[in-house]
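Colleague: Here's a sequence, model it:
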Amino acid sequence: MSHSDSSSFEAVIGLEVHVQIKTASKMFTRVATGYGEPPNTLTDPTVLALPGALPVLNKAALDAIIKTGLMLDCEIATVTRWDRKNYFYPDSPKNYQLSQYDQPVCRHGTVEIELPGASLAVMGEHKRIELTRIHLEEDVGKLNHEANDSLIDYNRAGTPLMEIVTEPVIRSADEAFAFLTSLRQSLIYAGISDCDMEKGQMRCDANISIRRTGETKLGTKVELKNLNSISYVRDGIVTEIKRQINVVTSGGMIVQETRLYDGETGRSASMRSKEMAHDYRYFPDPDLMPVRIDAEWKARLAAELPERPFAKQARFMEQLGLPYSAASVLVRDRALADFFEQTVKLGAKPAAAANWIANDLLRDLAARGVALSASKVTPAHLAGLAQLLDQGVVSSTQAKEVFADLAETGDQPAAIVDRRGLRQSSDTGALAGWCATAIANDPQSAAQVRAGNAKAINALKGAVMKLSAGKANPKLVDEILKQQLAS
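Modeller: So this is what the prediction gives:
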């Protein structure tokens, strides 16, 4: 395939993202949700569809999807209802899935994304990806295929699940990656889901087609499944676009089908021809009443929503003067952003707080292999340390030493400074004596400074630090040396 062949096509991508909602119990029964429990222990007559078992709605799951819709600027339905999606497969004991078809909770809306910049220090382009709908349904069981058997675990069955469907407006694998990254971040921020793809809490299928650049008609789409990490979504889309271009440029036709992608080998294989909506014979569920969503309900949930990640990023840059490189790191995790804001509230300058958190604190957490919540470092520690540095009590080198100690012990910065004898000397009389000694001991460097070589003063500063056992205040040393050398 030549480069000209590749560049004369454009991709059209739509994503279907399934997200498990973080609730204590399942969608239509009081059975607990959970992961890693012994197989088939999180079940009851409703989950197993035993005769006479009736579903009862989980209001917490409804709250969560309405919150999601409000956060993503969706239209929230005034009335929503449930449908049966009929299919015969072992993962669904009912032989249908309770889902939503023509009256979903949320329609339209957008997800703001940030594309990669030229470097980590440069913010990339922001754009909005339009959504078609977000509807609520129940998850299905899990099939575990072994050598000669397929085993069914219904622990996951009945867990509240949102399906978030985009319009076919995504144009590249990078945009798909950015969409999933942004969506995941927003849902975690709002406490709606943990979105752990390894645990199946977030799953994504991609519908991919190609067309000649400039055409408006959509090509035949292929659904790509088994994309079990955000990176695999990006890699799978790249692979499928190449495959489709190869087929078309070789004179072949794209067949509408579902393909399974293998992230380890980077290859996909045909799974089945794609079913259409009418194949599922949707019809309203007779056991569940429609739900009316009023303005008061929406207003209560809107008041609980956190600041959106990109809005926080913009505020950190515009109001607090942080560079993009620091702001983008801080907002990736809501707990980290809250930690930063608390540190600033306690008196640290924003730039200093961001620097300590984005560099020293994150490095320490990674080295210890612990979460922020398990760290001994608190916002009060960092604010105190930043103030000691500002006041000239410790030098920047000594401050690093204090940080390492407080990360280990949890002691207060001022107590560590006293315990380790790190308090800088700002006694101008003592400093003047050390400076005079340094000049007398190194007349050559002194002469070079007087002759206009500004860098030669560093040798004299080093001598003063040695004479003071590292306790001289570097800023005052610089001022006093310049005064003495000018006289």
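
Colleague: all contacts plus neighbour counts: C-alpha atoms, from now on.
Modeller: Fine.

Colleague: all strands of the stretch 51-200 of the chain, in order?
Modeller: For the stretch 51-200 of the chain, the strands defined by DSSP state E, counting those that start in this stretch occupy 75-76, 79-80, 83-86, 96-99, 106-107, 110-114, 126-138, 142-145, 150-153, 160-166.

Colleague: Name the strands paired with the fifth one and say parallel or antiparallel.
Modeller: Here strand 106-107 is paired, per DSSP bridges, with strand 75-76 (antiparallel), strand 126-138 (antiparallel).

Colleague: and if you look at the fourth one?
Modeller: Strand 96-99 has these partner strands in its sheet, going by DSSP bridges: strand 83-86 (antiparallel).

Colleague: Next, the buried residues of the partner strand.
Modeller: For strand 83-86, the buried set under the neighbour-count rule, 16 or more other C-alpha atoms under 10 Å, comprises D83, R84, K85, N86.

Colleague: Check whether the last one really touches S99, as I assumed.
Modeller: So the one you mean is N86. No - in this structure N86 lies outside contact range of S99 using C-alpha atoms under 8 Å: 10.0 Å.

Colleague: Which stretch among the strands of the stretch 51-200 of the chain approaches V17 most closely?
Modeller: V17 lies closest to strand 160-166 among those, at 5.0 Å (C-alpha to C-alpha).

Colleague: hmm, who's touching the closest one?
Modeller: Identification of contacts with strand 160-166 by C-alpha atoms under 8 Å, 6 or more residues apart in numbering yields 14-23, 26-27, 61, 65, 129-139.

Colleague: Would you list the buried entries among these?
Modeller: Here, 16+ other C-alpha under 10 Å leaves 14-23, 26-27, 61, 65, 129-139 buried among those.

Colleague: Specify the beta-bridge partners of the nearest residue to Y101 once chain neighbours are set aside.
Modeller: If the residues on either side of it in the chain are set aside, Y101 comes closest to D83, at 6.2 Å by C-alpha to C-alpha, 6 or more residues apart in numbering. On the basis of DSSP bridges, D83 is bridged to S99, P284.

Colleague: distance of D83 from L50?
Modeller: Taking C-alpha to C-alpha, to the nearest Å as the measure, D83 falls 19 Å from L50.

Colleague: what does F177 give?
Modeller: 41 Å.

Colleague: So for the two, which residue has more residues nearby?
Modeller: More crowded of F177 and L50, by other C-alpha atoms under 10 Å: F177, with 21 against 12.

Colleague: give me the number of residues near the residue nearest to that one when sequence neighbours are not counted?
Modeller: Spatially, and ignoring its direct neighbours in sequence, F177 is nearest to R234 (5.7 Å; C-alpha to C-alpha, 6+ apart). R234 has 20 neighbouring residues, counting by other C-alpha under 10 Å.

Colleague: Name the helix or strand for R234, please.
Modeller: Applying DSSP states H and E as the criterion places R234 in helix 230-249.

Colleague: quick revisit: return the member of the strands of the stretch 51-200 of the chain having the minimum mean pLDDT.
Modeller: Looking at the strands of the stretch 51-200 of the chain, the lowest mean pLDDT belongs to strand 142-145 (a mean of 87).

Colleague: just how off-centre is that one within its chain?
Modeller: Strand 142-145 has its C-alpha centroid displaced from the chain centroid by 29 Å (C-alpha atoms, centre = their mean, to the nearest Å).

Colleague: helices or strands up against that strand?
Modeller: Under the contact definition 3 or more C-alpha pairs under 8 Å, 6 or more residues apart in numbering; DSSP states H and E, strand 142-145 sits against strand 150-153.

Colleague: Sheet-wise, list the partners of the strand it packs on with their directions.
Modeller: Sheet pairing for strand 150-153, using DSSP bridges, gives strand 142-145 (antiparallel).

Colleague: which of the residues in the strand it pairs with are buried?
Modeller: Going by neighbour count (16+ other C-alpha under 10 Å), the buried part of strand 142-145 is K142.

Colleague: How about residues contacting that strand?
Modeller: P90, D91, S150, L151, I152, D153, Y154, N155, R156, A157.

Colleague: Pull the number of nearby residues for the last one.
Modeller: Counted with other C-alpha under 10 Å, residues neighbouring A157 total 24.

Colleague: just the fifth one next, same as before
Modeller: For I152, the neighbour count with other C-alpha under 10 Å is 16.

Colleague: Is it in contact with P93, as I believe?
Modeller: No - in this structure, I152 is not within contact of P93 by C-alpha under 8 Å, at 10.1 Å.

Colleague: All set, thanks.
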